[in-house]
Structure formats: C-alpha cells, structure tokens
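**Student:** Next comes the sequence, and after it the predicted model I'd like to discuss.
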Amino acid sequence: MTVTETRPGGEGAAAAPATPVLEVRGLDAGYGSSAVLHDVSLTVPRGSVVALLGPNGAGKTTLLRVASGLLRPTRGEVILDGRDVTRARPYQRARGGLCHIPEGRGVYPSLTVRENLVLHTWKRNVDDALERAVANFPILGSKLSQPAGELSGGQQQMLAVMRAYLDEPSVVLVDEVSMGLAPVIVDQIYEFLDRIRQAGTSLLLVEQYVHRALAAADRVCVLTKGRIVFDGRPEDVAEEVFEHYLGVDPNHGG
Ligand SMILES: Nc1ncnc2c1ncn2[C@@H]1O[C@H](COP(=O)(O)OP(=O)(O)OP(=O)(O)O)[C@@H](O)[C@H]1O
C-alpha cells in the first residue's frame, strides 16, 4: 500500500457518513442554444466508485464540467458533501474536496515533473508528496527534473492522476483516464485509483472501456442523449443496455 491515509473530506467539518459525497439533481445544461443535459440526477455515495458510461456525445464530459463548476447549469443543483455548490466557483469546489481530472493530459508541459507535483502540495509537505508520487509510480522518480511535456502519454497520465492523492479530495471526477494508453499502463492507473478509493476517496469515472469500468464500480449510470437511462449496480446492467446504449457484448471486451 502506498496510499494509506483516510481522507478528511475536504475543508471544514466532514458531512455525516450517510450524506452522499456528491449529488446532482435535475440538471439541464448545454452550450449556448444547444441543450445537452436534460433533467439529469446522479448520486455518488461516500466511499464508492460510480461509473458514468454512454456513447460518444451523450454528455458525460458536460456532466463532469457542471459538477466541477466549469459550466453553469440552466436548471438543477450540485450538492457537494451536503452543501449546495451550484453557484460556487471551481476553486471553491476544489477547496470543498472536489478534484476534476479532465480528459487529455492534465499537466503543465513546460514545468518539470517535480514542479507539476509541487503545484498540488497546498495541503501537504513537499518531500512527502514527492515520495508518495514516486512510491505509486516509480518511473516518475527518474524523471523529476524533466519537463512534463517530454514524458510519454502514460507517464503524463500518471502525473495527472496524482492530484487525486495530493489534493486530498473527498471525490474525484476522472474523465477518460485510459484514452490512448497501453493496457499495462491503464492497469497501473486503475491500481492507483483503487488505492485512493481504499483510503476513503470517492470516484466518479467516465470510461470508454465499459468492462473495465464495471469491474471497478459499485454503481453505474448510463447516459444517452443527455438523459440517464440506467442507474444501478454493475451486475444489474441488462443485456439490452449493453447492446443498445453501450455498443458492447455483455460478456466480452469493451
Ligand atoms: N464547448 C462546447 N461547445 C459546444 N458544444 C459542445 C462543447 N463541448 C461539447 N459539446 C457538445 O455537447 C455534446 C455532449 O458532449 P460531451 O463531450 O459532453 O459528450 P461525451 O459523452 O463526453 O462524449 P465523448 O464520449 O465523445 O467524450 C456533444 O454534442 C458535443 O458536440
């Protein structure tokens, strides 16, 4: 185990254990006159992993953007740790315990690996943070002085996901973390996310590999054309949902 501490659940007093760490209720959102999300509600129970699945263009990234405050909904609420943050700015939600790891490599390419890590040590001792990063992803240890832009895609993703540990969030939104990566690297990143989860952090995962997401998740929400069409346990996802909405064989691959 390289991540062992229990998460405090962000700034201020932690909410009661039964309070979901994140809830969105009745969200409508879009871009200009283009409506994307329609009456979307979703709950991330404390300590759980929720997989948000759905076809391309369904609105998964849009939902994460609304949850983290990058996009203002036209209707509905976002509740973080029992507090209504619908009107809160992204940095206020970050201070409240929400960490958003966006699609693509969320690193500063011209800064060194060390500098990228140190940017996320506002809650931590720098030496401890570097040590933890290297313990989780040893390859980063030999690259601390290199610009992050010179790392491979997988190494950049390792660096990006370290925020899920360094920021000490209560909930992490992870968007397409596997995109374009070799399966062996994806395995390492999922092992890291599992350690984060075991330490008490909740996760909302958008993932293109349906079966990998189902294996990691306690709960699954399927979004299609901006509407939730399934919300339940991974083992209860019906064949029809796999075939019609997710486009994968219920038993293999994907
Ligand atoms: N910045 C933007 N401006 C206008 N329309 C956008 C913008 N971002 C996304 N959209 C549109 O919103 C819809 C939902 O996009 P979104 O990226 O949320 O879907 P997604 O489910 O994450 O898709 P994917 O799996 O392909 O990443 C799409 O029709 C997309 O074209």
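**Tutor:** Looks like it came in fine.
**Student:** hey, where'd the strands end up in the stretch 101-250 of the chain?
**Tutor:** Using DSSP state E, counting those that start in this stretch, the strands of the stretch 101-250 of the chain run over 171-175, 202-206, 219-224, 227-232.
**Student:** and the residue nearest to P73 when sequence neighbours are not counted, how many residues sit next to it?
**Tutor:** Among residues not flanking P73 along the chain, A29 sits closest, at 4.2 Å (Cβ to Cβ, 6 or more residues apart in numbering). To be clear about C-beta, it is placed using only N, CA and C from the backbone, and glycine gets the same treatment. Neighbour count of A29, defined by other Cβ atoms under 10 Å: 22.
**Student:** how far out from the middle of the chain is the lengthiest helix in the chain?
**Tutor:** If you go by DSSP state H, the chain has its longest helix at helix 183-198. Computed by Cα atoms, centre = their mean, to the nearest Å, the chain-centroid distance of helix 183-198 equals 12 Å.
**Student:** what's the angle from that helix to strand 171-175?
**Tutor:** Put simply, helix 183-198 runs at 160 degrees to strand 171-175, going by axes from the mean of the first three to the mean of the last three Cα atoms, to 10 degrees.
**Student:** Rounded mean pLDDT for helix 183-198, please.
**Tutor:** For helix 183-198, the mean pLDDT works out to 93.
**Student:** List the contacts of it.
**Tutor:** 1-3, 47, 49, 136-137, 154, 157-158, 161, 164-165, 172, 174, 177-178, 181, 203, 205, 209, 212, 216 (Cβ atoms under 8 Å, 6 or more residues apart in numbering).
**Student:** Now which of the residues you listed would you call buried?
**Tutor:** Buried members of those, counted by 16 or more other Cβ atoms under 10 Å: 2-3, 47, 49, 136-137, 154, 157-158, 161, 164-165, 172, 174, 177-178, 181, 203, 205, 209, 212, 216.
**Student:** in the stretch 101-250 of the chain, which spans are helices?
**Tutor:** Using DSSP state H, counting those that start in this stretch, the helices found in the stretch 101-250 of the chain span residues 113-118, 126-136, 153-161, 163-166, 183-198, 210-216, 239-240.
**Student:** buried sites along the fifth one?
**Tutor:** Neighbour counts using 16+ other Cβ under 10 Å place 185-186, 188-190, 192-193, 195-197 of helix 183-198 among the buried residues.
**Student:** how about low-confidence regions in this protein?
**Tutor:** Applying pLDDT under 70 to the chain flags residues 1-17, 123, 244-245, 248-254.
**Student:** change it to 90
**Tutor:** Low-confidence segments of the chain (pLDDT under 90): 1-18, 103-106, 119-130, 132-133, 163, 165-168, 179-180, 208-212, 214-215, 234-254.
**Student:** interface residues of it facing the ligand?
**Tutor:** By Cβ under 6 Å from any ligand atom, the residues of the chain that approach the ligand are 31, 34, 36, 54, 56-62.
**Student:** try 8 Å this time
**Tutor:** 30-32, 34, 36, 54-65, 103, 175-176, 206, 208, 223, 226 (Cβ under 8 Å from any ligand atom).
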